[in-house]
Structures are given as C-alpha cells and as structure tokens.
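A.B. asks: Quick one, structure for this:
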Amino acid sequence: MELGGDIHNLSYQDLACYTDNFSESNYLCHFQFGKLYRGKIVHAQSTLFVMVKIWEDSQIYCYKPGDNESRILDEVILLRHHLVINHPIMIKLYGFCYEGGRLGVVYDFNPFDSVYNLVLKDDFTWLQRINVLVRFASLLSFLHTIKSPYRPLTLRNLDCAHIVLDKDYNPKLCDFSLVTGGIFPDRTIYKCRRVIGSYGYMDVGAWQEDHDPDKPDVFAFGNILLSLISKRVFTEQDRQNHSPYVFNWAYKKFLEYKYGSDWDSEKDDSDSDSSKKDDSISDSSKEDDSDSDSQRPKFSLVHQSLAEEPDFDPSDGPKITALGLDCTRDDFGKRPTMKQVLSFLLNLEVVKKHASFAHVKMSSDGNWFLD
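C.D. replies: Here you go, the predicted structure:
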C-alpha cells in the first residue's frame, strides 16, 4: 500500500521500536481487534509521543483471513480524507504498517488513558466525564451528517475502549474497523458482515429490520453515557459470564424505581414487554405532578460519588439518565439523533456553568453550541 503526502510507511520493527518492543509498561488497553500502546519516536532534536495500534487475529469475534487487511485500508482512507482530516476531534494518522500479515497504525497523539480504563476511577471527575460526552457526541454528529452519495457514515463498533483521552481529558476516537457509508459504499452488504459491533455495545436488534443507519451508533453512545455516569463498564469477564450490558442493568434499575423492589424481572424484562419499557422511559424524563410522587427524588443513575462533587448540578442527574435510556430504546424510531443528543448535552447546567472547559459558546439567539 503506497501513500503520498506526510503519511509514513512503517515496518513492524518500527512499531516495536516506538513501544519498547510492545512492553507491558507501554500497553494502554485492548481494542476490538487488537491492542493499543503508548509510544515515542526519538529524533536528534525532539521526541514525538504517539499511540500505536496493532491488529491481531480475533479470538472472540468471527474472523477470516483478509478481514483485518480490509479494516486497516478503510481506516487509512478515512483518516486521510479531506472531509474529516481537519476535524479537531478526529485522531491524526502518522503512519501505518502493512507488512506480511503484521498490521498496525501510528497516531500523532499522546494518550493519557482510555475511557475503558478510567470509568471506574474516582479521580475521573464529573466535569471531565461530561467533557468527554459533549465532545464525543459532537464528533458523531459531524460524522453522521457528512454528505455522501452512499448511506450516512456509521461507525458500528463504538466502545469505551475506542475512546482515548489526552492529558486534558479531551477524547479521540481510535478505531474505525467497521465503518460503513459516508465516503464508502455500504460495507454491511459484503464486508465483515459477521461482526455487527462490540460486545457490551452492539444493538443486535438493529440488524434485523430496516432502520436509520445511525441508530446503532446512538445505541452504543447511550451505553457509553450510562457507563460514564454510573461508573460501570462491560468487561471481558462480563462477556464470558454472560452478564447483562450496562443498558440492561439501567433498565432493570429504572423498572425497580417505577414499580418497586418486588418487580418481576423475568416478566418485565422480556422482549414481549419492550413497548412497556419504552413508555416507561419516556415518563422518566417528564415532571410528575402527582401528590404521591411529589416528594420522591427523580430517577437518576449518576453514581453517588459523582453526585457529591461540587460541579454536579442535581437537576442534571435525571436529565442525563433519561437521555441514556432514550438512546438505548428498543424502538429505533424513538431514539434521538446524535445532533439531538449533542443539543441536549449542551443544555445541561454543568455545561452552561463551565462553558469554557467544554469549549461551548452561546449564540446570538440564546442557544449553546460547541466551539
């Protein structure tokens, strides 16, 4: 694969050199089809800190020879495309390795950590989590609205492990292995179609009927949002134990709130009651004027430790919880678009109070927008 411009064609030995032979100390985290490492490129007068991604033969996803080669080609094409290359939240490509089955890319990005690694940590603050959600939502909104002769661009494998942060907790998306639409024809028809998303974030039902192509990404974003506010994350051990996704846990908590702790989970969490769940979610974001509930706190999944932080506004808890539940509705038509999600997030009290931190400004008509 030959590329011009300033993209470097690298050897596997180069990647090993940048990461100190893929040392454990430089290991960052897994991604869906391989591993991420911190690295550095030492020059005579300077040092460039980078992130290295290597693809491996998957042990838990359907895989056949050639799948990863297709994925790295698509990623390189996407990251060099003029429609996305200058977006401030798109990760910058430094170079790639395509050497006898050894595949990798190097990003011009100095990673602090991944969202997957940080979700459970107490020093990952409420304000930092909101910043991640706002800026990541703005990226997805942008990608979903790229004008194209094909279907809208859809990522299909959003995952907490695919969002990496710099030292200021600004997010970058670092995997595009299942991208379809946008600048590409419909990849779901003929390419890697055995894989429909990442465990913990995939919307299985979305692939069984016609729907707007962005809805699986909205669903995955909802899972990421619920993870960030509740300090829960879906792990490999959860997959092996057939544990529920974060959104399943969230629905259960909501139904317990609505119907009481003696709620029958086997009855109300069945597929036949999906419409009931959707109606209930819709109710969760509305004001309840009944006397019996007037003294009852509104439903919120924000972790207690985050709710106790000084930057947390109590009115935001129920609102952002309802947004996460809306994104993961069974009814695709009732899920918001990422543009609507971004607009909602920009109107949270924490964002308005810390507009400079979240890179948000108010327009002349009084609406908030991402700068």
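
A.B. asks: for the protein, where's the lowest mean pLDDT among helices and strands?
C.D. replies: Ranked by mean pLDDT, DSSP states H and E, the weakest helix or strand in the chain is helix 274-284, scoring a mean of 48.

A.B. asks: could you dump the next helix or strand after that one to CSV, C-alpha only?
C.D. replies: Counting by DSSP states H and E, the next helix or strand C-terminal to helix 274-284 is helix 304-307. In CSV, the C-alpha atoms belonging to helix 304-307 read as follows (Å, rounded to 0.1, in the frame of the first residue of the first chain):
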residue,chain,number,x,y,z
GLN,A,304,-23.2,8.8,44.4
SER,A,305,-19.6,9.7,44.4
LEU,A,306,-20.1,11.8,41.3
ALA,A,307,-23.3,13.4,42.6
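
A.B. asks: Helix 304-307: which residues count as buried?
C.D. replies: For helix 304-307, burial by neighbour count (16 or more other CB atoms under 10 Å) applies to L306. In short, each C-beta sits where N, CA and C put it, glycine included.

A.B. asks: Strands of the stretch 51-200 of the chain, residue ranges please.
C.D. replies: Taking DSSP state E, counting those that start in this stretch as the criterion, the stretch 51-200 of the chain carries its strands at 93-99, 102-107, 113-114, 163-165, 171-173.

A.B. asks: Pairing partners for the shortest one, with directions?
C.D. replies: Looking at strand 113-114 with DSSP bridges, its partner strands are strand 163-165 (antiparallel).

A.B. asks: where do the helices sit along the stretch 151-300 of the chain?
C.D. replies: 215-230, 236-240, 246-259, 265-268, 274-284 (DSSP state H, counting those that start in this stretch).

A.B. asks: Could you identify which of these is most buried?
C.D. replies: Neighbour counts (mean count of other CB atoms under 10 Å) averaged over each of these peak at helix 215-230, with a mean of 26.

A.B. asks: now that one, how far from the chain's geometric center?
C.D. replies: Averaged C-alpha coordinates place helix 215-230 at 7 Å from its chain's average position (CA atoms, centre = their mean, to the nearest Å).

A.B. asks: one step back: need the strands of the stretch 51-200 of the chain in JSON lines with mean pLDDT, can you?
C.D. replies: Formatted as JSON lines, the strands of the stretch 51-200 of the chain follow (pLDDT from 0 to 100):
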{"stretch": "strand 93-99", "mean pLDDT": "95"}
{"stretch": "strand 102-107", "mean pLDDT": "96"}
{"stretch": "strand 113-114", "mean pLDDT": "97"}
{"stretch": "strand 163-165", "mean pLDDT": "97"}
{"stretch": "strand 171-173", "mean pLDDT": "95"}
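
A.B. asks: Export those strands to TSV and append columns for mean neighbour count and distance to E256.
C.D. replies: As requested, those are arranged in TSV below (neighbours: other CB atoms under 10 Å; distance: least, CB to CB, whole Å):
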stretch	mean neighbour count	distance to E256
strand 93-99	21	46
strand 102-107	23	42
strand 113-114	20	31
strand 163-165	24	30
strand 171-173	21	32
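
A.B. asks: Show me what the longest helix seen in the chain is packed against.
C.D. replies: The longest helix of the chain (DSSP state H) is helix 126-144. Helix 126-144 is packed against strand 163-165, strand 171-173, helix 215-230, helix 338-346, helix 349-353, strand 368-370, with contacts defined by 3 or more CB pairs under 8 Å, 6 or more residues apart in numbering; DSSP states H and E.

A.B. asks: can these go into TSV with extra columns for distance to N68?
C.D. replies: Formatted as TSV, these follow (distance: least, CB to CB, whole Å):
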stretch	distance to N68
strand 163-165	20
strand 171-173	18
helix 215-230	21
helix 338-346	28
helix 349-353	39
strand 368-370	34
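
A.B. asks: Which among those is found nearest to P149?
C.D. replies: helix 215-230 (20.1 Å; CB to CB).

A.B. asks: Against which helices or strands is the closest one packed?
C.D. replies: helix 115-118, helix 126-144, helix 246-259, helix 316-327, helix 338-346.

A.B. asks: the inter-axis angle of the longest one versus helix 338-346?
C.D. replies: What that stands for is helix 126-144. For helix 126-144 against helix 338-346, the angle by axes from the mean of the first three to the mean of the last three CA atoms, to 10 degrees is 160 degrees.

A.B. asks: What angle do helix 316-327 and helix 126-144 make with each other?
C.D. replies: 30 degrees.

A.B. asks: can you pull the buried residues of helix 126-144?
C.D. replies: Quick answer for helix 126-144 (16+ other CB under 10 Å): 126-144.

A.B. asks: now L36, what's its secondary structure?
C.D. replies: At L36, secondary structure determined by DSSP: H, G, I helix; E, B strand; the rest coil is strand.

A.B. asks: Does it touch M51 like I think?
C.D. replies: Yes - at 6.3 Å, L36 counts as touching M51 under the criterion of CB atoms under 8 Å.

A.B. asks: which residues are common contacts for those two?
C.D. replies: 28, 111, 164, 174 (CB atoms under 8 Å, 6 or more residues apart in numbering).
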